[in-house]
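Visitor: give the three-dimensional model of this entry:
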Amino acid sequence: MKKITLLGSTGSIGVNALKVIQDNSEKYKVVALAAGRNLDLLAEQIEGFRPIAVSVLEENLGSRLKDRIGSTAATEVLSGVEGFIHLATLDEVDTVISAMTGAAGLLPTYEAIRAGKNIALANKETLVMAGHLVMREVERNGVSLTPIDSEHSAILQSLQGHTKEDMRRVILTASGGPFRDMPMERMRTITPAQALDHPNWNMGPKISIDSATMMNKGLETIEAKWLFDLDMDQIGILIHPQSIVHSMVEYKDGSVIAQLGIPDMMIPISYALSFPHHLENRLSTLRLEQVGMLNFEKPDMKRFPCLELALRAAEIGGSMPAVLNGANEIAVDSFLQGKIGFLDIPKLIEKSMAAHRSYPIESIEMVMEADSWARKTALELLKKGIN
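Guide: Residues are numbered from 1 along each chain as shown. I've put the predicted structure just below:
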C-alpha cells in the first residue's frame, strides 16, 4: 500500500486524486494533506480520510482549522512552507502527490525528493524553475518522478516498450483554449469569466488562464525537456481542439505512437500512482465514432505570445524560466483581479524578462531569488503602467 502526502488537496487535481485514492483504498492511504485557504473543503477531507497531519497556507488559517475540527482531533495542524515541507518529508510517507499551484509547490517537492520520496508530479513549475536541480536529486536519491499532466502522461505511455535512441521527437497537444478562433480585435475585451470557461477541461483558475494564453503549453514544453531529457528542438506543439489525443511520440522510422482518452484528469492521476499499470475507474470510455473528426494545426504565435515567451525563456535557460514563471503568476493574478487586461499578461511578462540578465542556477536558493526578483519587478512595472 502506498502511503501518500497530497500537496494541494483542495485544488482540482487534489480533489480528483482523492477520488482515485478512495476508489482504490486497498492500494493507497492518505497520510497527510496540504491545502491553501479552502478550510471548508479541507475539513471535509480530514473527516473522510483521517490524515495524521495537515497544513494550510497561513498560521491564522491553521488556528481557525483547529477550532473547526476540535481540540481532541487526532490530526495535527501545521501551516506555511515549513508545514508543507514537514508533510512532504514524513517518515510514514513513501509517495508525494505534488499538486500545489505555482511556485509554492517547488520547495516541498524538492525536499520530498531529497528525503527519498517518490513523486507524482502535477506541479509543472517545479521543473520549469529548477529542472536540472530537481532531476539531479531524483537520480541522486534513487526515487521515481512520474508526471500527472495529461500531456506528459501520454508521452510516458507512448514511450513504453521503445528505446529512447529510437525516438525522433515528442509532440505536445494543446486544446487552444477558449479563444483559439476569436478575432484578435475582440481579445482586448476578454474578461476573467470568459478566460476561466475552458471548453474541454475542468481546471483551477491559474491553470485555466494559462491555458487561455497558452502559457501552460510553454511551461509544459520546459517540463518535458527535463522529464524526458530532450533538446528543445525535439519538442513540437500542435493545437488539437478535441483534447482526445493527449500527446504523441514520433520515432526515427516515421511511426507515431499516441495516447488517446477522454479529457478527464482522473486518468493520468491514476496512471501516475499505478505506473506502469492501468487501473479500472468510474469514467465513461472513449467512443471515437462519437468524437468524429480529430483536427490538428500549428499554434499561432501572434495570437499566443505567452507561448513564444516561454520557448524563448527555455532557450535562454539559467534563471530566465524562473523569471518567466514568477512574472506570469503576478500577471495572471492581476488579470483575475481586474487590474490588467488579457492582452496585458504577455506584455508584463515580456517587460519583466527584458529587465533580467539570466545567470546560471546552482542552488535552490538561487531559484527562489530569481522568483522573488521576478515578482518584485512585475509588481513595480504594474505600478508604473505597462502600456
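Visitor: kindly export the lowest-mean-pLDDT helix or strand in the chain (C-alpha atoms) in CSV.
Guide: The helix or strand of the chain with the poorest confidence is helix 192-196; it has a mean of 85 (mean pLDDT, DSSP states H and E). Output in CSV follows, covering the C-alpha atoms of helix 192-196 (Å, rounded to 0.1, in the frame of the first residue of the first chain):
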residue,chain,number,x,y,z
PRO,A,192,-11.7,36.7,-16.4
ALA,A,193,-15.0,34.8,-16.5
GLN,A,194,-14.6,34.1,-20.3
ALA,A,195,-11.0,33.0,-19.8
LEU,A,196,-11.9,30.6,-17.0
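Visitor: helices or strands up against it?
Guide: When contacts are defined as 3 or more C-beta pairs under 8 Å, 6 or more residues apart in numbering; DSSP states H and E, helix 192-196 sits against helix 205-213, helix 320-336. Backbone N, C-alpha and C define where each C-beta goes, glycine included.
Visitor: could you point out the helix or strand that follows the longest one?
Guide: Per DSSP states H and E, the first helix or strand lying C-terminal to helix 320-336 is helix 344-354.
Visitor: the first one too?
Guide: Using DSSP H and E, the helix or strand that follows helix 205-213 in sequence is helix 215-227.
Visitor: just give me how far that following helix sits from the chain centre.
Guide: In terms of C-alpha atoms, centre = their mean, to the nearest Å, the gap separating the centre of helix 215-227 from the centre of its chain is 9 Å.
Visitor: same question, stretch 91-103
Guide: 12 Å.
Visitor: which one of the helices and strands packed on helix 192-196 lies nearest to Asn118?
Guide: Comparison of the helices and strands packed on helix 192-196 against Asn118 by C-beta to C-beta identifies helix 205-213 as nearest, at 23.5 Å.
Visitor: next, the buried residues of the least confident helix or strand of the chain.
Guide: 192, 195-196 (16 or more other C-beta atoms under 10 Å).
Visitor: OK, contacts around the nearest residue to Ile4 once chain neighbours are set aside?
Guide: Leaving out its chain neighbours, the residue that sits closest to Ile4 by C-beta to C-beta, 6 or more residues apart in numbering is Thr95, at 5.0 Å. Going by C-beta atoms under 8 Å, 6 or more residues apart in numbering, Thr95 touches 2-5, 117-120, 273.
Visitor: can you show me the strands along the stretch 251-387 of the chain?
Guide: For the stretch 251-387 of the chain, the strands defined by DSSP state E, counting those that start in this stretch occupy 256-260.
Visitor: related to what we said a few turns ago, ok, the buried residues of helix 192-196 vs Val15, which is closest?
Guide: Using C-beta to C-beta, Leu196 comes nearest to Val15 of the buried residues of helix 192-196, at 16.7 Å.
Visitor: run a quick neighbour tally on the closest residue to the closest one other than its chain neighbours.
Guide: Leaving aside its chain neighbours, Leu196 sits nearest to Ser208 (4.8 Å; criterion: C-beta to C-beta, 6+ apart). Counted with other C-beta atoms under 10 Å, the neighbours of Ser208 add up to 22.
Visitor: ok, Ser208 to Gly317 distance?
Guide: Separation of Ser208 from Gly317 (C-beta to C-beta, to the nearest Å): 28 Å.
Visitor: check Thr75 too.
Guide: For Thr75, the distance to Gly317 under the criterion C-beta to C-beta works out to 42 Å.
Visitor: go on, Val128?
Guide: Computed as C-beta to C-beta, the Val128 to Gly317 distance reads 12 Å.
Visitor: please apply the same query to Pro263.
Guide: To Gly317, Pro263 is 32 Å away according to C-beta to C-beta.
Visitor: may I see the buried residues of stretch 342-357?
Guide: 342-353, 356.
Visitor: of all those, which comes closest to Glu223?
Guide: Nearest to Glu223 among those: Ile349, at 17.6 Å, using C-beta to C-beta.
Visitor: so, low pLDDT: which residues of the stretch 101-250 of the chain?
Guide: In the predicted model, the stretch 101-250 of the chain carries pLDDT under 70 at residues 198-203.
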